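> Sharing a model prediction with you, sequence too.
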Amino acid sequence: MQSHSYHQSSFFNSSSWLTGNIYGASSSITSYFGLKDENRKLVSENKRLHKLLFNSKATDTVQLDSAQLQYIVTNGKVINNNYAKIRNYITINKGKRDSVKLDMGVITTHGILGIVQNVSGGYATVQSILNEKSNINAKIKNTDHFGSLIWNAERYDVVQLTDVPRLVKLTVGDTVVTGGRSSIFPENIPIGTIQKFGLDTSNSYYTIDLKLFNDMTNIKNVYIVQNKDREEIIALEQATENEQ
Amino acid sequence: MNNSLFVNTIRFILLVLVQVLVFNQLNFFGFINPMVYILFLYWYPVKENRAAFIGLSFVLGLAIDFFSDSMALHAASTVTIAYIRPAIMRFVFGVNIEFQSFRLGNSTKAQQITFLALLIVVHHMVFFSLEIFSVANILLILKKVLTIGLATLILCLLFTSLFSVKKE
């Protein structure tokens, strides 16, 4: 699943040195106003993670070396957020110097946010899921029925899931998470719940409206996820394609 | 001349900063982000080198594009209105603009508002047609042009009355 467009200019974007620094300075002032709210969000996430940790049944005593981990997580802060346009991009304050690279996944406490599109020394722009070019593999939670997550540019709290076959049993309120076919995001990152669904014009696939878990208008702290196997997966897939 | 250059440089920088740091973050009703930087083209002196004016408008649009990750949408629409600005002025002010003594501040309020509104409508039409770029979404384009254009007009009028150009 390739969600990144290489036709986008890699120079004219807000991760460049000048724009990044101006947004960074502006954000360092305005971020003070949201500290209380951010703190509450982070504490509630910590609580959830602690609960998982204390109640885990796993008795795996073998400590994995960090070199063996498949996913590496970095944290970052949003310094510029857009959601009112057709193609929305988010600027974050981590870049090459923090080993952020192209096509890494970006998530928040509540769920998926986007994919890194451009990187400069200290900043990166993220193609938001609120972007008509965005196309991410997603599936219905606890099943293996997957579809493509797209956005019809209408509402900033609703995205669309397409290409889910008609035979799948859906209910309003079902949770949708990222699928395992993406080499960008780990499996089971929450996206949203089904708000309404209907058949598309071909009558064989569903078009589903999803209410996002993320409040896209209010994002500060994000996590950047790197899949260390991505290069290997892509090289393998390309080799297979070339043989055909 | 020097004074005009200085004023325009300061205006350019301030308008870019105000646009990207304040008005691009506004998101009124979820989607209304007025584009007040158009005021630069409204305020720019009438009797100036046309090529320089169009070039400057391109740089202004590009500067906004840098910040808003919109490739060259702002640059394209700003250059368009810079190019047709003389035609709009002739339409709005008539033969008055041929006189050396013509000043924007001397024209009537209605003329000023018409001039500004025409600039905004053309700019927004070009901008949203290019951004959405599909005939199927013509209603969405019109909705955005109308609502955001109105917001831009109101804010620009507030700015013009706040920073009067009578001194120039």
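On my side now, so go ahead. Numbers count the residues shown, from 1 in each chain, chains lettered A, B, ... in the order given.

> ok, A:I86 touching B:S129?
No. At 11.6 Å, A:I86 does not count as touching B:S129 under the criterion of C-beta atoms under 8 Å. For every residue, glycine as well, the C-beta is placed using N, CA and C.

> what about those two, which has more around it?
More neighbours surround A:I86 than the other of A:I86 and B:S129, with 21 against 18 (other C-beta atoms under 10 Å in any protein chain shown).

> need the residues of chain B near chain A, please.
Within chain B, the positions adjacent to chain A are B:17, B:20-21, B:24-25, B:27, B:30-33, B:62, B:65-72, B:131-132, B:140 by C-beta under 8 Å from any C-beta of the partner chain.

> So which of the residues you listed are in helices?
Per DSSP state H, helices hold the following members of the residues of chain B next to chain A: B:17, B:20-21, B:62, B:65-68, B:131-132, B:140.

> and of these, the nearest to A:N214?
Of all these, A:N214 sits closest to B:S68, with 21.1 Å by C-beta to C-beta.

> Now which of the residues of chain B next to chain A would you call buried?
The neighbour count (16 or more other C-beta atoms under 10 Å in any protein chain shown) marks B:20-21, B:24, B:27, B:31-33, B:62, B:65-72, B:131-132 as buried among those.

> so what's A:A84 up against?
Going by C-beta atoms under 8 Å, 6 or more residues apart in numbering or on different chains, A:A84 touches A:156, B:27, B:30-33.

> where does A:V78 fall, helix, sheet strand or coil?
Using DSSP: H, G, I helix; E, B strand; the rest coil, the three-state assignment for A:V78 comes out as strand.

> do you know how far it is from chain B?
A:V78 sits 12 Å away from chain B, going by C-beta to the nearest C-beta, to the nearest Å.

> picking that back up, which among the ones in helices among the residues of chain B next to chain A gets closest to A:I92?
Distances from A:I92 to those, taken by C-beta to C-beta, are shortest for B:F67, at 14.8 Å.

> Averaged pLDDT, stretch A:207-223. What do you get?
Taken as a whole, stretch A:207-223 has an average pLDDT of 92.

> quick check, it touching chain B?
Yes. Judged by C-beta under 8 Å from any C-beta, stretch A:207-223 and chain B are in contact via A:T217.

> And stretch A:22-34, by the same measure?
Yes. Stretch A:22-34 reaches chain B (C-beta under 8 Å from any C-beta) through A:22-23, A:26.

> who touches that stretch?
Taking C-beta under 8 Å, 6+ apart as the rule, stretch A:22-34 contacts A:14, A:77-80, A:91, A:93, A:122-123, A:218, A:220, B:17, B:20-21, B:67.

> try 10 Å
A:14-15, A:38, A:41, A:77-81, A:91-93, A:122-123, A:218-221, B:16-17, B:20-22, B:25, B:66-67 (C-beta atoms under 10 Å, 6 or more residues apart in numbering or on different chains).

> Ok, stretch A:193-203 next?
Applying C-beta under 10 Å, 6+ apart, the contact partners of stretch A:193-203 are A:140-141, A:157-164, A:166, A:168, A:170-176, A:205-213.

> List the buried residues of whichever strand or helix holds B:Y83.
Element membership for B:Y83, per DSSP states H and E: helix B:73-93. Within helix B:73-93, the residues scored as buried using 16+ other C-beta under 10 Å are B:73-82, B:85, B:88-89, B:92-93.
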